[in-house]
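> sequence first, then the predicted structure:
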Amino acid sequence: MELNMDCVVPIDSFVRLLPKRPSVCIGVGFLASRRSGLEVFRGMDLVGQLALGWMGQSHSRACVVRSTDRLHAARSAEPGLQEVYWDWLVESGKDPSEFSGQVLRDVAGLTKIRGEHGLVLIELGSTDSPTALHASRLCDGLVLVAQSADRSVGKSKAQLGSFERSDCRWLGYWTVDSV
C-alpha cells in the first residue's frame, strides 16, 4: 500500500483548540477497522507532524510518547522534540493493569515530562484497544484520526463515548487518505 504523504495536519486549528494551560497532554487515537489501516497512520507519523507543527508555532519543547514497536524508534528526534517509549502502549490485547509496575512508573514520569514540555502527545493506537482507553485517562484532550475511506466514524460514537470525561474533551478528528 502506497501512502499519500501529502496529508497536512491543520496545525493552526489544532493549536487554537488546545486547552489553555502551561503544559497540555493530548492523546491521538486511530480509528482503524483493519490492521493495515493502523499501519497507514503510523507510516504518516501524524503525531510527529502535530508535535513539529506545534513547536514551530509556539517555539516551545514537545514530547511524543509512543509504544516501542515503532520501526523508526532508533532515529534521532528533531531538536526540542523528545520521544519517550512506553512498552505497555504496545497493542497486545492484554489489559494494561497486567503491566502495573511499568504503568505506575511511566505515569509518575509523566509529571516530570509535563513540567519540561509545553505539549505532550501520547500515541494511543487503535481506539478499540483497552490500552488506548487506559492511556487516554492521562490526557487533557483527545484527537481522532480515521481513513477517509472508512465510513465508520459515525458508527463508532458509542465506542468513542467511553473515552469522554469531564476533565478531557475531544478536540476533533481528521481523515487521511491512503492510495
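Great, that's in hand.

> where is the longest helix in this structure?
Ranked by residue count and defined by DSSP state H, the top helix of the chain is helix 100-116.

> residues in contact with that one: which ones?
Helix 100-116 is contacted by residues 23, 25, 61, 63, 65, 82, 84, 86-88, 96-97, 120, 134, 138 when judged by CB atoms under 8 Å, 6 or more residues apart in numbering. Heads up, the C-betas are built off the backbone N, CA and C, glycines and all.

> just give me the neighbour total for residue 100.
By the criterion of other CB atoms under 10 Å, residue 100 has 11 neighbours.

> i'd like the first residue to be 29 from this point on
From this message on, residue numbering opens at 29, which makes the last subject residue 128.

> hey, which helix or strand in the protein has the poorest pLDDT?
helix 63-72 (a mean of 60; mean pLDDT, DSSP states H and E).

> in its sheet, what does the helix or strand containing residue 149 sit against?
Using DSSP states H and E, residue 149 sits in strand 147-154. Within its sheet, strand 147-154 is paired with strand 52-59 (parallel), strand 90-94 (parallel), according to DSSP bridges.

> mean confidence score for the shortest one?
Right, the one you point to is strand 90-94. The average pLDDT within strand 90-94 is 93.

> got the buried residues for that strand?
Of the residues in strand 90-94, those buried by neighbour count under the rule 16 or more other CB atoms under 10 Å are 90, 91, 92, 93, 94.

> turn those residues into a markdown table, including distance to residue 153.
Shown next, in a markdown table, are those (distance: CB to CB, whole Å):
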| residue | distance to residue 153 |
| --- | --- |
| 90 | 19 |
| 91 | 17 |
| 92 | 13 |
| 93 | 11 |
| 94 | 9 |
